[in-house]
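Peer 1: Fold the following and give me the result.
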Amino acid sequence: MDSSSSAIEQSGRSDVSVRSALWARFADDVRALILVFCVAVMVMGPLMIWGIPQGADLANHYRFAMPFFESIQISNFHPGWLAESNGGYGDPRFRFYPPALYFLLAAAHSVAGWYWASIFCLVFLSVMGSVGVYFWGRNYLTPSGAMWAAICYAIVPYRLNELYQASLLSEYFACAVLPFVLAFVGRLCRRGRAVDVAGLGLSYALLILANLPLAVIGSISALIFACLQLKQNRLPLSLAKLSIGVLLALGASAFFWVGMVAELPWIKGNDVNSIAYYDYRANFLFSSLALNNRNTWYANLLAIVLLGFLSPVVILLARKMQRDVKAITVLLFFSFLMATPLSRPLWAVIPKLSQIQFPWRWLAVTSLAGSLLMGFCIGKWVEVFKARIRPVNLVPLLGFALSLVFIATQIVWDVEYLNRQKFDALLPQLRAAASFKDWLPVNARNFVDLPKMNSNVEVDSRTVEVLAWEPEFRRFRISSGFPESAHIRTYHYPSWTATVDGQAVPVSADSNGVCVIAVPQSETTVEMKFGEARFFTATKIISALSVFLLAIMPLGQLALAAVAKRGPSILGKEAEVLPQTRRLS
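Peer 2: Numbering: from 1, shown residues only. So this is what the prediction gives:
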């Protein structure tokens with residue numbers, strides 16, 4: 001009895017010490033995350049004080065966001081036709097541009113105006129990206145190290161440039177998601193719980209729905225990182241769990257990408273009258289062609305500043321690195337290499353990589369991997385300065401300091417900010433503007449070169465009464481007269497269908513790529529609908545089921561953990577009863 005009581009007492013003390021350690025670790029994480037949150041919000045201070053930065057892509061995003069929100073209001077949660085663009089001729093860009101950013105903006109706009117909704121979303125994405133790096137860093141680092149990595153990611157020059165200078169808002173969203181993708185890849189290679197499979201599925205689906213170039217870049221980066229993290233003794237199981245996570249991500253995002261892939265032949269894309277400006281071969285960093293391209297010239301400058309920002313990482317290269325640090329270091333060097341002409345052979349053979357257009361987009365991964373390595377090297381620099389300060393040790397710190405000066409003066413300060421009044425005045429001017437040529441249907445002619453139409457529907461020698469004119473539905477009545485062809489102010493696209501007095505009729509295109517419908521001589525009513533192929537319904541069902549599975553997988557793990565926790569006590573009672581039974585027999 002005495003030995004038994006002693007064992008129970010010792011077990012109780014052990015449980016108390018474990019709980020105390022867990023609470024201490026939780027408190028450290030909370031303190032670190034509070035500081036990360038504060039810094040991620042502070043770097044958005046100029047935006048909150050002075051207004052929305054007017055970058056090159058700002059107009060394009062809100063030209064998309066406003067009608068997207070209006071479609072959601074009429075319960076069309078994934079619209080297919082942007083009717084107001086190109087002077088009312090429309091385009092199918094909704095089919096091809098990832099919708100995650102616009103779902104977020106629409107949700108925020110439902111409770112606030114566009115100005116404050118936009119600020120909230122950008123602050124949210126800043127915090128989300130930094131928390132993602134902290135989450136990834138905690139796989140390998142102490143709370144302090146992960147905190148510094150997250151802070152570095154909040155202020156890294158390429159990421160701030162996405163927002164303040166270029167208004168690459170969808171890419172900014174994707175860069176907030178990518179840390180979670182790599183974190184869950186690492187966790188699946190190390191342990192592989194159901195919650196990690198669900199985390200990979202959800203984060204990878206969001207990456208696909210946020211930005212396609214970053215989805216391609218992120219997929220290649222995650223594959224390389226996984227290959228470096230996989231362990232021999234867990235290889236089959238880890239590969240199976242990684243595959244399940246990826247398949248669930250593809251299923252959750254299927255409502256978008258399946259239709260996009262199926263309809264790519266229906267738009268101009270980059271294959272028709274390609275512009276050299278978007279040719280990846282003309283956009284490598286540190287190439288002679290960059291001198292003739294202002295966009296890539298600035299990217300070169302940004303890359304140099306990024307190297308200065310990450311220069312303290314050199315201390316890791318001179319030391320024996322653990323496996324995790326090596327994997328992240330390989331990711332850092334590979335991503336930077338992919339932005340330079342040295343990677344040209346890989347661009348020629350890797351599918352879809354050339355459609356990224358700008359190799360310098362790989363700096364997003366360089367920034368992410370470099371920020372995490374900064375978390376590793378903080379402690380090393382403390383050791384160096386405690387031992388002995390040498391002048392050569394100040395060089396990386398000088399590079400870091402100069403990069404901060406560039407960030408403050410050239411990225412954040414040298415920006416035209418739109419206060420609420422200017423921003424609200426700008427939004428109406430963006431509607432009905434010309435779309436990017438790649439979104440136009442294959443046979444469409446630029447709308448500024450089209451013959452002028454005085455109304456939405458024109459039929460020679462007959463009058464037209466428009467009964468309904470909605471983004472994806474039109475109804476109009478045509479008076480009696482000679483058999484004619486009705487010309488509709490809408491670009492022809494195979495998804496448009498029409499009925500004349502309830503009878504299906506073909507919708508064809510004239511020489512300008514505009515919809516034409518043949519109508520009889522009697523008075524008639526015509527209806528046009530923008531429809532979807534049957535497989536769209538299947539993809540929505542697949543997406544719903546995949547999201548459901550991603551949601552219940554963590555719950556299933558919690559249930560199993562609860563059963564496992566109760567198991568030892570039940571087994572313990574049986575262990576006490578069985579010996580007594582044997583003695584009685």
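
Peer 1: Now do the strands in the protein.
Peer 2: 52-53, 417-418, 457-458, 464-470, 473-478, 484-491, 496-500, 503-505, 508-509, 514-519, 524-530 (DSSP state E).

Peer 1: Ala348: which of those is closest?
Peer 2: Closest to Ala348 of the strands of the chain is strand 484-491 (Cβ to Cβ; 34.1 Å). All C-beta spots, glycine's among them, are computed from the backbone N, C-alpha and C.

Peer 1: what comes up buried for the closest one?
Peer 2: Across strand 484-491, burial judged by 16 or more other Cβ atoms under 10 Å covers 484, 486-491.

Peer 1: nearest to Asn161, of those?
Peer 2: Among those, Tyr491 lies closest to Asn161 (Cβ to Cβ), at 34.8 Å.

Peer 1: got a list of what that closest one touches?
Peer 2: 86, 89-91, 440-441, 444, 513-515 (Cβ atoms under 8 Å, 6 or more residues apart in numbering).

Peer 1: try 7 Å
Peer 2: By Cβ atoms under 7 Å, 6 or more residues apart in numbering, Tyr491 lies in contact with 89-91, 440-441, 444, 513-514.

Peer 1: what residue ranges in this protein are flagged as low confidence?
Peer 2: Low-confidence segments of the chain (pLDDT under 70): 1-19, 270-277, 290-291, 318-320, 556, 558-585.

Peer 1: Could you check how many residues crowd around Asn60?
Peer 2: Residues within reach of Asn60, counting by other Cβ atoms under 10 Å, total 18.

Peer 1: swap in Trp23?
Peer 2: Neighbours around Trp23, by other Cβ under 10 Å: 10.

Peer 1: same thing with Trp81?
Peer 2: 24.

Peer 1: From Arg93, how far out is the residue nearest to it when sequence neighbours are not counted?
Peer 2: Leaving aside its sequence neighbours, Trp81 sits nearest to Phe530 (Cβ to Cβ, 6 or more residues apart in numbering; 4.7 Å). Using Cβ to Cβ, to the nearest Å, Phe530 is found at 13 Å from Arg93.

Peer 1: And stretch 448-459, what's buried?
Peer 2: Quick answer for stretch 448-459 (16+ other Cβ under 10 Å): 450, 457-459.

Peer 1: what's near enough to touch Val457?
Peer 2: With Cβ under 7 Å, 6+ apart, Val457 has these contacts: 464, 466, 476, 486, 488.

Peer 1: Quickly check these for the two that are furthest apart.
Peer 2: Val466 and Ala486 (11.5 Å).

Peer 1: got CSV for the buried residues of stretch 448-459, with distance to Met374 too?
Peer 2: As requested, the buried residues of stretch 448-459 are exported to CSV (distance: Cβ to Cβ, whole Å):
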residue, distance to Met374
Leu450, 54
Val457, 61
Glu458, 63
Val459, 67
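
Peer 1: Of the residues you listed, which is the nearest to Gln73?
Peer 2: Nearest member of those to Gln73, counting by Cβ to Cβ, is Val457, at 25.7 Å.

Peer 1: Leaving out chain neighbours, which residue sits closest to the closest one?
Peer 2: Val464 (4.5 Å).

Peer 1: What's opposite that neighbour in the beta bridge?
Peer 2: In this entry, Val464 is beta-bridged to Ile478, by DSSP bridges.

Peer 1: how far away is it from Ser479?
Peer 2: Separation of Val464 from Ser479 (Cβ to Cβ): 8 Å.

Peer 1: who's more crowded, these two?
Peer 2: Val464 (18 against 13).

Peer 1: now that we're looking at that one, which residues does it contact?
Peer 2: Applying Cβ under 7 Å, 6+ apart to Val464 gives the contacts 455, 457, 476, 478.
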